[in-house]
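Asks: I would like the atomic coordinates for the input below:
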Amino acid sequence: GMGVPTDEAAGLDLLRRAAAQGHAHALYELGTAAYVGAGVPEDEAAARDLWARAAAAGHAAAAFMVGDLLVEGAVVAKDPATAIRWFVYAGDRGHRGARSRAFALTKPVTTDAETDFGRYTDGSRLSLRRPTPAPAPRRRATTAE
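Replies: A predicted model of the protein is given here:
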């Protein structure tokens with residue numbers, strides 16, 4: 001930890017306690033630990049279950065990971081249609097790459113205007129690409145002579 005020695009076991013214990021009370025981010029972190037085998041045995045099925053619980057509680061990154069598992073067919077049968085729904089759900093909750101992932105799976109025919117700034121882009125990037133309109137010119141006050 002910050003300013004204290006790292007204690008992985010204590011950290012996992014705290015996450016488990018929070019997860020037992022339904023804390024979405026704790027469920028997500030435990031799922032990630034299970035997926036990569038950090039401090040616990042690697043277990044993709046456990047990761048899927050924890051991420052699904054976190055996603056059901058509104059956790060955007062967990063919803064993205066559930067979608068990713070469905071795309072890859074990891075621990076579940078491949079199901080791109082359901083994955084798209086999870087990516088849209090994650091995007092609606094602020095996940096920065098989820099809408100792009102959903103778009104990539106649908107492969108729709110679009111116009112440049114739609115993909116540049118609109119329907120199928122990640123809204124968090126719009127401010128970086130959209131030109132800022134110039135401020136309206138000020139009117140000069142005139143004085144009667």
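Asks: wait, what's in contact with the residue minimising distance to the centre of the chain?
Replies: Closest residue to the average C-alpha location of the chain: residue 95 at 2.8 Å, with CA atoms, centre = their mean. Residue 95 makes contacts with 60-61, 63-64, 87, as judged by CB atoms under 8 Å, 6 or more residues apart in numbering. All C-beta atoms are positioned from the backbone trio N, CA, C, and that covers glycine.
Asks: and which of those residues is nearest to residue 41?
Replies: For the contacts of residue 95, the residue nearest residue 41 by CB to CB is residue 61; the value is 22.1 Å.
Asks: Next one: that closest one from residue 93, what distance?
Replies: Remark: distance between residue 61 and residue 93 (CB to CB, to the nearest Å) = 9 Å.
Asks: joint contacts of these two?
Replies: Residues touching both residue 61 and residue 93 (CB under 8 Å, 6+ apart): there are none.
Asks: In terms of neighbours, single out the busier of these two.
Replies: Neighbour count, other CB atoms under 10 Å: between residue 61 and residue 93, residue 61 has more, with 22 against 16.
Asks: wait, isn't that one in contact with residue 91?
Replies: No. Using CB atoms under 8 Å, residue 61 makes no contact with residue 91, being 11.5 Å away.
Asks: hang on, the earlier thing: mind checking the SS state of the residue nearest to the centre of the chain?
Replies: The three-state assignment at residue 95 reads coil, by DSSP: H, G, I helix; E, B strand; the rest coil.
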